[in-house]
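J.: how would this look folded up:
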Amino acid sequence: MKVTEHIEKANGKSLFSFEILPPLKGQNIQSIFDSIDPLMEFKPPFIDVTYHREEYEYKELPSGLLEKKIVKKRPGTVGICSAIQNKYQVDAIPHILCGGFTKEDTENFLIDLDFLGIQNVVALRGDAVKNETYFKPEKEGNHYASELVTQITNLNNGIYLDDELQNSSATNFCIGVAGYPEKHMEAPSLDSDIYFLKQKIKNGASYIITQMFFDNKKFFDFVAKCRKEGITVPIIPGLKPISTKKQLNLVPHRFKVDIPDELIMAIVRAKDTEAVKQIGIEWCINQSKELIKQGIPVLHYYSMGKSENIKAIAREVF
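T.: Below you'll find the predicted structure:
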């Protein structure tokens with residue numbers, strides 16, 4: 001079932017969903033099941049699975065020269081999605097990136113998903129490869145998420161890269177895209193960011209999932225700006241509880257989001273990691289309850305492969 005259909009079927013009830021990371025290469029899928037199992041009692045209609053692009057490593061050769069090596073540390077997104085749908089009978093939603101894919105790679109990826117009965121995807125540009133300052137698309141790839149959305153929409157209309165194909169079958173993907181309540185880190189302003197977000201919707205996206213945020217007012221203001229610009233699709237908030245003091249620095253640096261002073265000081269004064277974790281859980285519970293009170297259709301939690309704190313939140317909210 002499509003994400004939009006799950007929302008419609010819920011008849012105004014807020015749904016619970018979450019996102020997982022593929023395991024590191026060398027680990028088995030049981031680690032994924034172990035992180036999902038504790039959350040299934042809250043009846044998520046869908047689970048997102050991130051895609052991690054290649055990284056570059058440099059290995060010193062006996063001659064002293066450096067050899068550039070391409071490494072994928074977290075492969076398996078498509079296989080995990082298939083396993084989730086088979087084991088739990090819920091929809092699995094793979095992330096698909098511009099980075100690391102040619103348009104032909106993308107088309108083949110989407111064909112595999114279609115054959116597996118996967119009906120939803122999240123279309124993202126993706127980040128720059130580590131050791132590179134700016135994002136560089138593949139030579140024959142999509143440059144922006146809006147272009148990727150167009151390619152997926154074309155497949156939904158039976159339009160493939162090979163325009164000589166006869167009687168080609170149309171896919172039926174529901175396309176999600178990212179939104180940024182505090183703007184994308186590369187955007188010059190929030191208004192310009194929303195301008196390009198609207199383009200993704202025009203190109204065929206059906207819903208938006210936001211970057212994490214810790215101040216609900218920023219989310220509500222973002223939604224109001226989107227609605228003012230004529231964006232009418234569901235906007236799903238992304239939430240993540242702080243769990244360590246180190247994240248006070250890591251989260252703003254990595255994701256370019258603000259953390260409210262009240263939350264910062266509570267964590268700074270916390271006696272130990274367990275106290276920090278509890279503060280993060282309580283803050284996220286309060287965020288969640290306020291969002292539900294405002295009729296938000298789905299709350300989407302970034303689990304980062306750890307379900308204990310997400311379960312504690314969901315127990316109080318759903």
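
J.: helices of the stretch 151-300 of the chain, residue ranges please.
T.: 190-202, 216-228, 247-255, 261-268, 273-293 (DSSP state H, counting those that start in this stretch).

J.: which stretch among these comes nearest residue 317?
T.: helix 273-293 (4.4 Å; C-beta to C-beta). Glycine gets a C-beta too; all of them are placed from N, C-alpha and C.

J.: what residues of that closest one count as buried?
T.: Residues 276, 277, 279, 280, 281, 282, 283, 284, 285, 287, 288, 291 are the ones in helix 273-293 that count as buried (16 or more other C-beta atoms under 10 Å).

J.: I'd like the residues you listed as TSV, with pLDDT and distance to residue 19 appended.
T.: Formatted as TSV, those follow (pLDDT from 0 to 100; distance: C-beta to C-beta, whole Å):
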residue	pLDDT	distance to residue 19
276	97	22
277	97	19
279	98	22
280	97	17
281	98	18
282	98	21
283	98	19
284	98	14
285	98	19
287	98	16
288	98	15
291	98	17
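
J.: of those residues, closest to residue 221?
T.: residue 291 (13.6 Å).

J.: OK, contacts around the closest one?
T.: Applying C-beta atoms under 8 Å, 6 or more residues apart in numbering to residue 291 gives the contacts 14, 216, 219, 237, 299.

J.: tell me the one of those nearest residue 187?
T.: Relative to residue 187, and with distances defined as C-beta to C-beta, the nearest of the contacts of residue 291 is residue 219, at 16.8 Å.

J.: surely the closest one touches residue 181?
T.: Yes - counting by C-beta atoms under 8 Å, residue 219 touches residue 181, with 4.9 Å between them.

J.: neighbours around the residue nearest to residue 116 when sequence neighbours are not counted, how many?
T.: Excluding the flanking residues, the one nearest residue 116 by C-beta to C-beta, 6 or more residues apart in numbering is residue 82, at 5.0 Å. As a burial measure, residue 82 scores 18 neighbours (other C-beta atoms under 10 Å).

J.: separation between residue 181 and residue 248?
T.: According to C-beta to C-beta, to the nearest Å, residue 181 and residue 248 sit 19 Å apart.

J.: again, but for residue 47
T.: 28 Å.

J.: same check, this time on residue 2
T.: Taking C-beta to C-beta, one finds residue 2 at 38 Å from residue 248.

J.: also residue 48?
T.: Residue 48 is 25 Å from residue 248, by C-beta to C-beta.

J.: neighbour-wise, which of the two wins?
T.: Counted by other C-beta under 10 Å, residue 48 and residue 248 do not tie: residue 48 has more neighbours, with 26 against 16.

J.: for the more buried one, give its distance to residue 130.
T.: 22 Å.

J.: re earlier: how about the residue nearest to residue 116, secondary structure?
T.: Following DSSP: H, G, I helix; E, B strand; the rest coil, we place residue 82 in the helix state.

J.: for the helices of the stretch 151-300 of the chain, which one sits closest to residue 315?
T.: Per C-beta to C-beta, nearest to residue 315 of the helices of the stretch 151-300 of the chain: helix 273-293, 9.2 Å.

J.: angle of that closest one against helix 216-228?
T.: With axes from the mean of the first three to the mean of the last three C-alpha atoms, to 10 degrees defining the directions, helix 273-293 sits at 30 degrees from helix 216-228.

J.: got the CA positions of helix 273-293 in PDB?
T.: Below are the C-alpha coordinates for helix 273-293, written out as PDB (Å, rounded to 0.1, in the frame of the first residue of the first chain):
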ATOM      1  CA  THR A 273      24.400   8.900  30.000                       C
ATOM      2  CA  GLU A 274      21.300   7.200  31.400                       C
ATOM      3  CA  ALA A 275      20.000  10.600  32.600                       C
ATOM      4  CA  VAL A 276      20.800  12.100  29.200                       C
ATOM      5  CA  LYS A 277      18.900   9.400  27.500                       C
ATOM      6  CA  GLN A 278      15.800   9.900  29.700                       C
ATOM      7  CA  ILE A 279      15.900  13.700  29.100                       C
ATOM      8  CA  GLY A 280      16.000  13.000  25.300                       C
ATOM      9  CA  ILE A 281      13.100  10.600  25.600                       C
ATOM     10  CA  GLU A 282      10.900  13.000  27.600                       C
ATOM     11  CA  TRP A 283      11.600  15.900  25.200                       C
ATOM     12  CA  CYS A 284      10.700  13.700  22.200                       C
ATOM     13  CA  ILE A 285       7.500  12.500  24.000                       C
ATOM     14  CA  ASN A 286       6.400  16.100  24.500                       C
ATOM     15  CA  GLN A 287       7.200  16.900  20.900                       C
ATOM     16  CA  SER A 288       5.200  13.900  19.700                       C
ATOM     17  CA  LYS A 289       2.200  14.700  21.800                       C
ATOM     18  CA  GLU A 290       2.000  18.200  20.600                       C
ATOM     19  CA  LEU A 291       2.300  17.200  17.000                       C
ATOM     20  CA  ILE A 292      -0.500  14.600  17.400                       C
ATOM     21  CA  LYS A 293      -2.700  17.200  19.000                       C
END
